[in-house]
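**Student:** structure, please.
(one chain, ligands or ions: 1)
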Amino acid sequence: MADIENVIIVGSGPAGYTAALYTARANLNPLVIEGFFWGGLLQQTTEVENYPGFRDGIMGPELMQTMRDQAERFGTRFITDVASKVELATEPGGVHKVWIDDDVHLARTVILAMGAEHKKLGVPGEEELGGRGVSYCATCDAAFFKDKHIAVIGGGDSAMEEAIFLAKFGAKVHVVNRRAELRASKIMADRARSEATIEFVTPYVVEEFAAVEGQLPTLRLKHAEGGEDREIADVGSFIAIGHEPQSEIVAGQVPVDDEGYVKTEGRSTRTGLPGVFAAGDLVDHTYRQAVTAAGSGCQAALDAEWYIRDTPEIPTPEAMPEGDLAEAQWAQPEPSGVPVT
Ligand SMILES: Cc1cc2nc3c(=O)[nH]c(=O)nc-3n(C[C@H](O)[C@H](O)[C@H](O)COP(=O)(O)OP(=O)(O)OC[C@H]3O[C@@H](n4cnc5c(N)ncnc54)[C@H](O)[C@@H]3O)c2cc1C
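**Tutor:** The predicted structure follows:
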């Protein structure tokens, strides 16, 4: 039987690597199961200008390599493979099981940090032009399209929010939706409609993003009912049709919401199962930024440390740093479920 790990971290974006850094520095010798595509979503982007500490920005892959190296420096071990199945214990001190194909790994705590993928349109040009005129994150990339034409694809609240935000940057924002009516709430749709630079292009479906030498791509559209073609040239496009949290392997074991995001208790990263914590975009409908994911990875690491230390059924590793129990406030939720602050 395999040894019991103190901490297994599943996922390798800013949340997973930050959790690894903190648990490694607490001498918990973490094991990260990082997936084949290690480094998370920032591997798909070019320049990251809003991660604190890098005045001139940093390339996404370089940032993730640096985070990985920093975690490794303190003893983190990595398996570059996908966790295929988990069996999470339900009793305090219980041993959790994480499989990579037929290999089972045992752990006292598990930190889930599998992220959330952007839903894709699946049309020609989308993949090739990702980061070169096609984006999934207005907060991240808006500044690259200052005074340019911008298209937002989608008709829900997130699309409206992106469009309103982008209206501050673009010469014009075209909101493209496949239906004439929007799925967005009335208040969000009204706010978008009241922006002078936002124009609604409905009902149109995206056919293709076409590369054009020396300028932004051309967006090729087709009328959803009449079939007429339409083009928007030299345009930066933001696809805002939703996210898919990567929570399948824990489905039915930890509580998830209607959209599949893992639910956590109050301001902690506790999932409701003893010794199982969740962080990053996997739990986050709202912020979805590298720095917020890293912050919650830190929280998950501290929650895991405190759980190990404060659970009588688990032998506290000798090398673990000592500390006062001020943080035990998180271990004792108020009867309402809201932790004491
Ligand atoms: C194109 C693009 C540009 C962006 N630019 C910025 C930016 O400039 N600034 C910013 O702050 N944010 C940016 N973001 C958002 C940012 O990347 C995310 O908020 C952040 O990466 C979330 O971190 P995470 O650790 O929660 O998850 P992720 O980064 O999604 O990492 C999750 C990792 O877990 C792995 N995984 C999933 N399932 C398993 C499994 N079963 N076993 C093992 N591994 C698994 C995945 O392969 C992935 O590597 C951008 C996002 C995109 C897509």
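
**Student:** ok, and the closest non-adjacent residue to the residue of the stretch 201-341 of the chain at minimum distance from the ligand?
**Tutor:** Of all residues in the stretch 201-341 of the chain, G280 sits closest to the ligand, at 2.2 Å by CB to the nearest ligand atom. (Glycine included, C-beta is placed from N, CA and C.) Leaving aside its chain neighbours, G280 sits nearest to A15 (2.7 Å; criterion: CB to CB, 6 or more residues apart in numbering).

**Student:** list, one by one, the residues from the stretch 201-341 of the chain near the ligand.
**Tutor:** Proximity of the stretch 201-341 of the chain to the ligand (CB under 6 Å from any ligand atom) is limited to residues Q246, I249, G280, D281, L282, R288, Q289, A290, V291, A293.

**Student:** wait, which of these is closest to F37?
**Tutor:** Set against F37, the nearest of these by CB to CB is Q246 (11.2 Å).

**Student:** enumerate every residue touching that closest one.
**Tutor:** G11, M114, G115, A116, E117, L282 (CB atoms under 8 Å, 6 or more residues apart in numbering).

**Student:** hmm, try it at 10 Å
**Tutor:** 10-11, 35, 112-117, 260, 262, 281-282 (CB atoms under 10 Å, 6 or more residues apart in numbering).

**Student:** now do it, the pLDDT please.
**Tutor:** Looking at Q246, its pLDDT reads 97.

**Student:** got it, and T316?
**Tutor:** T316 is given a pLDDT of 73.

**Student:** so it makes contact with A26?
**Tutor:** No: using CB atoms under 10 Å, T316 is not in contact with A26, being 11.3 Å away.

**Student:** correct me, but E305 touches T269?
**Tutor:** No: E305 lies out of contact with T269 (CB under 10 Å); the separation is 11.6 Å.

**Student:** more neighbours: those two, which one.
**Tutor:** Counted by other CB atoms under 10 Å, E305 and T269 do not tie: T269 has more neighbours, with 29 against 24.

**Student:** pLDDT wise, what is the more buried one at?
**Tutor:** The model reports T269 with a pLDDT of 97.

**Student:** now, of the contacts of Q246, which are buried?
**Tutor:** Neighbour-count burial (16 or more other CB atoms under 10 Å) is assigned, among the contacts of Q246, to V10, G11, G35, L112, A113, M114, G115, A116, G260, V262, D281, L282.

**Student:** doesn't E72 belong to a helix?
**Tutor:** Yes: assigned with DSSP: H, G, I helix; E, B strand; the rest coil, E72 falls within a helix.

**Student:** can you tell me, leaving aside adjacent residues, what's nearest to G35?
**Tutor:** Counting by CB to CB, 6+ apart, G35 lies nearest to V82, which is 5.3 Å off, once chain neighbours are set aside.

**Student:** any idea which element that neighbour lies in?
**Tutor:** Counting by DSSP states H and E, V82 is held by no secondary-structure element, helix or strand.

**Student:** tell me which residues touch it, please.
**Tutor:** Per CB under 10 Å, 6+ apart, neighbours of V82: V10, I33, E34, G35, F36, F37, W99, I100, D101, M114, I249.

**Student:** is it true that R270 touches D303?
**Tutor:** Yes: R270 is within contact range of D303, at 6.1 Å (criterion: CB under 10 Å).

**Student:** hmm, stretch 150-170 touching the ligand?
**Tutor:** No: Stretch 150-170 does not reach the ligand (CB under 6 Å from any ligand atom); its nearest approach is 12.9 Å.

**Student:** quick revisit: so which of the buried ones among the contacts of Q246 sit within strands?
**Tutor:** Among the buried ones among the contacts of Q246, the ones falling in strands (DSSP state E) are V10, L112, A116.

**Student:** adding distance to the ligand as columns, could you present those in a markdown table?
**Tutor:** A markdown table is the format used below for those (distance: CB to the nearest ligand atom, whole Å):
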| residue | distance to the ligand |
| --- | --- |
| V10 | 5 |
| L112 | 9 |
| A116 | 6 |
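
**Student:** tell me the centre residue of this protein?
**Tutor:** Central residue of the chain (CA atoms, centre = their mean): D281, 2.8 Å from the mean position.
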